[in-house]
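[1] Take this sequence and fold it.
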Amino acid sequence: MAAACREFEEETGILPLGPFIPLGSVRQKAGKVVHAWAWEGNADPEAIISNTTSAEWPRSSGRWLTFPEVDRCAWFDSQVAREKINPAQAELIERLELALSDR
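    Next comes the predicted model:
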């Protein structure tokens, strides 16, 4: 949980504060396992501040590019979010909806 909070803050500039709703994990097509939690908070998509990362491009060229990990932020209703998110992660949206309907 601490790593998830740290990563979220690094990539958005927003410190997530619980309570957290555990959404479990999903395995993406390439094998990566994503663990997810939800929390309620306020976030202005225009105020997102992302850290940067560097990558060599083209590979083995010696040319390094630096760019933000998050290039933009927007909020969507659950149906549009399912269309935009990694297909394996759409299950997390369904789990969140179920968790919220149980409240």
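
[2] C-alpha from now on. contacts and neighbour counts both.
    Fine.

[3] the bottom helix or strand of this protein by mean pLDDT?
    Every helix and strand of the chain was ranked by mean pLDDT, DSSP states H and E. The lowest is helix 2-12, at a mean of 92.

[4] Dump whichever helix or strand comes after that one to PDB, keeping only the CA atoms.
    Sequence order places strand 21-27 as the next helix or strand after helix 2-12, per DSSP states H and E. Only the C-alpha atoms of strand 21-27 are listed here, as PDB (Å, rounded to 0.1, in the frame of the first residue of the first chain):
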ATOM      1  CA  ILE A  21     -11.100   0.100  -1.100                       C
ATOM      2  CA  PRO A  22      -9.100  -2.900  -2.200                       C
ATOM      3  CA  LEU A  23      -9.900  -4.000  -5.800                       C
ATOM      4  CA  GLY A  24      -7.600  -7.000  -6.000                       C
ATOM      5  CA  SER A  25      -5.300  -7.700  -8.900                       C
ATOM      6  CA  VAL A  26      -5.500  -8.400 -12.600                       C
ATOM      7  CA  ARG A  27      -3.000  -9.900 -15.000                       C
END
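
[5] Which strands or helices does strand 21-27 pack on?
    The contact analysis (3 or more CA pairs under 8 Å, 6 or more residues apart in numbering; DSSP states H and E) places strand 21-27 against strand 33-38, helix 90-101.

[6] In the least confident helix or strand of the chain, which residues are buried?
    C5, E9, E10, E11, T12 (16 or more other CA atoms under 10 Å).

[7] what angle separates it from strand 33-38?
    80 degrees (axes from the mean of the first three to the mean of the last three CA atoms, to 10 degrees).

[8] distance between helix 2-12 and the chain's centre?
    9 Å (CA atoms, centre = their mean, to the nearest Å).

[9] List the buried residues of stretch 36-53.
    Buried, per 16+ other CA under 10 Å, within stretch 36-53: A36, W37, A38, I48, I49, S50.

[10] Same list (those residues) but as CSV, adding distance to K84 and pLDDT.
    CSV is the format used below for those (distance: CA to CA, whole Å; pLDDT from 0 to 100):
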residue, distance to K84, pLDDT
A36, 17, 96
W37, 19, 96
A38, 18, 95
I48, 19, 90
I49, 21, 90
S50, 20, 90
